[in-house]
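Colleague: I'd like to go over a predicted model; first the sequence, then the structure.
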Amino acid sequence: MLPIILVGNNEKNILSFLEAERKKDDPAVIYLSSQNRQYSIDDIREIKKEVLISQTKRKIYFLKDFHRSSLEAQNAMLKLLEEAPEKIQFILTTNFLYSFLPTIISRAKVIYLNKNDPDEDKLNQAEKNFKRFFIEKKFVNFDNKESALNFINASIHFLKRELKKNPLYSSILNELINVKYLLENNNLNWQLSIDHLLIFIKKRFTINLSMKKSAFTLVELLVVVAIVGMLSALIVPNFMGARERARDAQRKSDLKQIQKALEMYKQDQNPPAYPTAGPTNNRFGSCNSQFGSTTIYMNKIPCDPLAPTPYYYQPNNSNLTYTLCACIENKADPDATGGDCSGTCPVGINKNYIVNQP
């Protein structure tokens, strides 16, 4: 029987459609759901085992949110649609028609449950975003993961429509769809997933340019560059933030090591005391120099990972207490305090991490 694709996420409309189908000939209905994960090829294989059993009456397999399916699962479903017995009917629901393989769409009856075609709205928005990118020279802003997903969805819509012009889009579409699922399911780091996608598009684009059989038209080039630009806008801020957090973690570790060395130094003094401040700007020693002469307390004094400068060190109370300080780049760091280490932090950094004597 002809498969049906229901486009829309209104549960009431979906249930009304199913109820109408039930009234026709009282078919058996098998309900399946992705349960917030992807349909896998194994899921389709399990369905196939049941489908191939002979049926005496109509049987409906209702697969909710089938846009949450891997490419392998969609290919398996395509084959199943071709081989299914006459009494078997598949009803697939989605709020995103063009996440399906074109060959699945061509073999099914598409019914829009909403009054307006949501895909047309997304296509128009995608074109608007691309126009804004090239004419106004502005990136599309993403406030959160949801807005990034919306743009990726629109990009998939746009490329689906352009697929007839260049088969290159097929591989890019598959990667976009895979990243979309990763972001929705949160089973992998979404930033690394987008990094992978950006590298893939660049590599695929480079390969295409080296082939004389098919080259990009200007419009096709603009489409690919727009997607790369969009993904770059997502990647750069998060990549920089990750590097800042890594450097801050190194700073905290360095100060803890210096703190231990200072305690060993104090215990060897008579009377106990911490060392005096460094010769310049209250810095603790020189980068990579030894701390101690007769007794070596540190083989190499660590320095700030961003700029090769020693950490701020200020002894107090006749060298019985001290303040050890590092400039923190991540303003949201829970261990950071206000200030800038007595004016030693670079411009724009006004948080620090402070360690005192135990």
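Modeller: Nice, I can see it.
Colleague: Now the phi/psi pair for the closest residue to residue 59 other than its chain neighbours, please.
Modeller: Closest residue in space to residue 59, ignoring its immediate chain neighbours: residue 28 at 4.7 Å, by CB to CB, 6 or more residues apart in numbering. The way it works is simple: take the backbone N, C-alpha and C, and place the C-beta from them, glycine included. Phi and psi for residue 28, reported as degrees, to the nearest 10, are phi -80, psi 140.
Colleague: show me the contacts for residue 28.
Modeller: 57, 58, 59, 60 (CB atoms under 8 Å, 6 or more residues apart in numbering).
Colleague: Go ahead and build a ChimeraX selection from the buried members of these.
Modeller: Selection of buried members from the contacts of residue 28 for ChimeraX, criterion 16 or more other CB atoms under 10 Å:
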select :58,59,60
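Colleague: okay if I get the contacts of residue 28 as a markdown table plus secondary structure?
Modeller: Formatted as a markdown table, the contacts of residue 28 follow (DSSP: H, G, I helix; E, B strand; the rest coil):
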| residue | secondary structure |
| --- | --- |
| 57 | coil |
| 58 | coil |
| 59 | strand |
| 60 | strand |
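Colleague: Quick one: residues contacting residue 316.
Modeller: Counting by CB under 8 Å, 6+ apart, residue 316 has contacts 322, 323.
Colleague: make it 10 Å
Modeller: 274, 322, 323, 356, 357 (CB atoms under 10 Å, 6 or more residues apart in numbering).
Colleague: For it, list each beta-bridge partner.
Modeller: Under DSSP bridges, the beta-bridge partners of residue 316 are residue 321.
Colleague: which residues in this protein form helices?
Modeller: With DSSP state H, the ranges of helices along the chain come out as 11-25, 41-51, 71-83, 102-106, 118-135, 145-162, 168-185, 190-209, 218-267.
Colleague: and those, which one's lowest on average pLDDT?
Modeller: The minimum mean pLDDT among the helices of the chain belongs to helix 118-135 (a mean of 51).
Colleague: what's the domain layout of this structure?
Modeller: 4-115, 119-216, 247-356 (automatic domain parsing).
Colleague: if I look at the residue nearest to residue 82 when sequence neighbours are not counted, how far off is residue 277?
Modeller: Distances taken as CB to CB, 6+ apart place residue 107 nearest to residue 82, at 7.6 Å, with adjacent residues excluded. Distance, residue 107 to residue 277, using CB to CB, to the nearest Å: 78 Å.
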